[in-house]
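J.: 3D, please:
(2 chains)
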Amino acid sequence: MASEEKPLVVVTCTAPVNIAVIKYWGKRDEDLVLPINSSLSVTLHQDQLKTTTTAAISKDFTEDRIWLNGREEDVGQPRLQACLREIRRLARKRRSTGDEDPPPLSLSYKVHIASVNNFPTAAGLASSAAGHACLAYTLARVYGVDSDLSEAARRGSGSACRSLYGGFVEWQMGERADGKDSVARQVAPESHWPELRVLILVVSAERKPMGSTAGMQTSVETSPLLRFRAEAVVPGRMVEMTHCVRERDFQGFGRLTMKDSNQFHATCLDTFPPISYLSDISRRIIRLVHCFNAHHGQTKVAYTFDAGPNAVVFTLDDTVPEFVAAVRHCFPPESNGDKFLKGLPVRPASLSDELRAALDVDPTPGGVKYIIATQVGPGPQTLDDPHAHLLGPDGLPKPAA
Amino acid sequence: MASEEKPLVVVTCTAPVNIAVIKYWGKRDEDLVLPINSSLSVTLHQDQLKTTTTAAISKDFTEDRIWLNGREEDVGQPRLQACLREIRRLARKRRSTGDEDPPPLSLSYKVHIASVNNFPTAAGLASSAAGHACLAYTLARVYGVDSDLSEAARRGSGSACRSLYGGFVEWQMGERADGKDSVARQVAPESHWPELRVLILVVSAERKPMGSTAGMQTSVETSPLLRFRAEAVVPGRMVEMTHCVRERDFQGFGRLTMKDSNQFHATCLDTFPPISYLSDISRRIIRLVHCFNAHHGQTKVAYTFDAGPNAVVFTLDDTVPEFVAAVRHCFPPESNGDKSQPWGRVHGCAA
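T.: Okay, here's the model as predicted:
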């Protein structure tokens, strides 16, 4: 059956943010985006954080174009091109399975892409991974590609490959020089650990932090500790973390998450010139977590920090109210603070006198701008509702609602 | 000739502060204070920073006593005792060299010790090393000990052994379990590099930092990166730093000093729970130094930080005025020291 040539093929998909608990930092190949160590992440729920991307192909389009958060961007940007080329390459390679479809004419059509996040980019909330995963996934749907998308996502942004799955995901570093074995795969599904909660503490960013691409390159070039981490520490931690996830061992999961966040930041400090992503507020949050856990005599909450000052705190659902109360106590919201808590509802709780005494910190008003409460979530989704498309029938972004 | 029994023997000495450029952090033996890696330091001039200690022995004293900065302290404190015992042990061992002095009666006398710093202890200016070195050195004079004092100083405070010499000093980690080869020795004398200057940027301490003894113990127990540093990184850096000092290569000296400070703090961050000695102000000072060097296209100033937020900046004499002006620009001195400012301050520069 000959493929139908529709005037416009439009697909809209969403993809999630992921937070690494065993960190990726450093490439062994800049072009193919191959990492020096494996990494493991938790996929966050799209109800709170997601990228939505619409891709449309039409014989009437004269050039590839892309709009991010309503603004047209340069589609020639190397990372976008790398993803686009890879998807088109996979589309050309697609095996026919009984149909005698020739490579569709649509491969020669230009594509229009529009992408939006439901969270602010300026908040430093790992939008690059969600965005590039969504791009790869959406283009794959448009071009009818169903093979592994790790490479297409990776070459946009390394950690994007981990956003191709829900639940708990590992990015196996691979050994091949061509990177074909550097792929993401799901370790456990989103339904595996229903009690797990994720609190994102959005912190004021005093300075724009150093971009991770340049940062990790400098780390690889200058930090002796990083190479040791990649070769001698991470492999064992990947095994241990996988085990903690599978066993739903929060103590082990939490401790290892904190240790790996700290070690990643340690290698940043061992870089020359040194990179400091942790601010004074970050450090106070770290101290709060350790106090909270010491008070309870066990690991009940665990922090992790990426290349910026925001804290991501993991805990179980029954601990959320008390920990949020502790954050409010240490970082009293500024007066418009009814917007302090977003996402999943959290019931109010008060601190016990003992905990209040244990926290023993000078409050830092406004130190935490707001908290997003979320949980583990699914991988990319395709939206069936035509109203969800970000591009109109003319292939241009719909006016903002 | 029989030794004279004086009613009171009094000796007063001074000892310097030292700043490590290849850092000591972590012991392989807590009791003997043996480190997991060697370290190398620069001895600072006593005109600006010193400890002065007077020790007196008398048959009329009924007990050992010690006063630090005017306040009587507990002389039974283990580190003081370790130093005292070691000096007395060395005194008993002292070989006679023609004199037929028996071990002096004074070994059974009690000692009174008073010690003061010419700089504030609360400023976190490495007073422990100067103090313990001075104690060991002064007691040695009182008891007539002239052997190596590394162990006596070390067991008071590890880095104190480096304050037993001027100029540039290394503390060789040693290999023996009894620590007899864990000694300090001079790498180059104080006259070796006359253009070298040291600026100490005294920063507001928002919290009392974690003490280094407990801190380094936790690091040894929990940081995988620290063990790698001690075994695989520091040995090469000791060789390289010694070379830079001997050649008066400021570029090399400066870069390596900064890298080693950062790596030390990296291992603190890799500790569990993590230790952060660097504050936001410390990080701004780091940024200032890198900016300043980038502007000049070479390493003209170099920072190092110990277990606290104060910065020690090395530079050559011709760069001091410009760098001090840069510090004033980035950290304008307060006129009245208003403590309500949300950001910290650089209090002063001691050059």
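J.: over to residue A:29: give its phi and psi.
T.: Dihedral pair for residue A:29: phi -150, psi 110, per degrees, to the nearest 10.
J.: surely it meets residue A:175?
T.: No. Under the criterion of Cβ atoms under 8 Å, residue A:29 is not in contact with residue A:175, lying 11.8 Å apart. In this view, the C-beta of every residue, glycine as well, is placed from N, C-alpha and C.
J.: just so I have it, where are all the helices in the stretch 1-150 of chain A?
T.: According to DSSP state H, counting those that start in this stretch, the stretch 1-150 of chain A carries its helices in the segments A:78-93, A:127-143, A:150-154.
J.: which other helices and strands contact the shortest one?
T.: If I follow you right, that is helix A:150-154. helix A:78-93, helix A:127-143 (3 or more Cβ pairs under 8 Å, 6 or more residues apart in numbering or on different chains; DSSP states H and E).
J.: right, so of those, which gets closest to residue A:184?
T.: helix A:127-143 (9.3 Å; Cβ to Cβ).
J.: tell me, how many residues neighbour residue A:366?
T.: 15 (other Cβ atoms under 10 Å in any protein chain shown).
J.: from what I can see it touches residue A:331, true?
T.: Yes. Judged on Cβ under 8 Å, residue A:366 makes contact with residue A:331 at a distance of 7.3 Å.
J.: chain A against chain B: which residues are in contact?
T.: Residues of chain A lying close to chain B by Cβ under 8 Å from any Cβ of the partner chain are A:224-225, A:228-229, A:232-233, A:255, A:258-259, A:262-263, A:265-267, A:269-274, A:276, A:278-280, A:283, A:286, A:290.
J.: which among the residues you listed end up buried?
T.: A:224-225, A:228-229, A:233, A:255, A:258-259, A:262-263, A:265-267, A:269-274, A:276, A:278-280, A:283, A:286, A:290 (16 or more other Cβ atoms under 10 Å in any protein chain shown).
J.: which phi and psi values does the closest residue to residue A:234 other than its chain neighbours adopt?
T.: Nearest residue to residue A:234 in three dimensions, chain neighbours excluded: residue A:37, at 4.0 Å (Cβ to Cβ, 6 or more residues apart in numbering or on different chains). Taking degrees, to the nearest 10, you get phi -150, psi 160 for the backbone angles of residue A:37.
J.: for residue A:37, which residues are in contact?
T.: Going by Cβ atoms under 8 Å, 6 or more residues apart in numbering or on different chains, residue A:37 touches A:24, A:26, A:173, A:229, A:230, A:231, A:234, A:235.
J.: run a quick neighbour tally on the first one.
T.: This points to residue A:24. Neighbours of residue A:24 using other Cβ under 10 Å come to 25.
J.: surely it touches residue A:171?
T.: Yes. Counting by Cβ under 8 Å, residue A:171 is a contact partner of residue A:24 at 6.6 Å.
J.: and for those two, which residues touch both?
T.: In contact with both residue A:24 and residue A:171: A:35, A:38, A:39, A:158, A:159, using Cβ under 8 Å, 6+ apart.
J.: among those residues, which ones are in strands?
T.: A:35, A:39 (DSSP state E).
J.: just the shared contacts of residue A:24 and residue A:171 now: which is nearest residue A:128?
T.: Of all the shared contacts of residue A:24 and residue A:171, residue A:159 has the smallest distance to residue A:128: 7.5 Å, by Cβ to Cβ.
J.: got the contact list for that closest one?
T.: Residue A:159 sits in contact with A:18, A:20, A:24, A:39, A:41, A:126, A:128, A:129, A:171, where contact means Cβ under 8 Å, 6+ apart.
J.: can you say which of the residues you listed are buried?
T.: For the contacts of residue A:159, a burial check counting by 16+ other Cβ under 10 Å picks out A:18, A:20, A:24, A:39, A:41, A:126, A:128, A:129, A:171.
J.: please name the nearest non-neighbouring residue to the third one.
T.: Sequence neighbours aside, residue A:39 is the residue nearest to residue A:24 in space, at 3.8 Å (criterion: Cβ to Cβ, 6+ apart).
J.: just confirm that neighbour contacts residue A:26, I think it does.
T.: No. Using Cβ under 8 Å, residue A:39 is not in contact with residue A:26; the gap is 10.5 Å.
J.: what's the longest helix in chain A?
T.: Counting residues, the longest helix in chain A under DSSP state H turns out to be helix A:250-269.
J.: CA atoms of that helix as CSV?
T.: Extracted in CSV, the C-alpha atoms of helix A:250-269 (Å, rounded to 0.1, in the frame of the first residue of the first chain):
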residue,chain,number,x,y,z
PHE,A,250,15.2,4.5,51.1
GLN,A,251,18.0,4.6,53.6
GLY,A,252,20.5,3.3,51.0
PHE,A,253,19.0,5.3,48.2
GLY,A,254,19.1,8.5,50.1
ARG,A,255,22.6,8.2,51.5
LEU,A,256,24.0,7.2,48.1
THR,A,257,22.1,10.0,46.4
MET,A,258,23.6,12.6,48.8
LYS,A,259,27.1,11.2,48.5
ASP,A,260,27.0,11.2,44.7
SER,A,261,25.7,14.7,44.6
ASN,A,262,28.5,15.8,46.9
GLN,A,263,31.2,13.9,44.9
PHE,A,264,30.0,15.5,41.7
HIS,A,265,30.3,18.9,43.2
ALA,A,266,33.7,17.9,44.7
THR,A,267,35.0,17.2,41.2
CYS,A,268,33.7,20.6,40.1
LEU,A,269,35.7,22.2,42.9
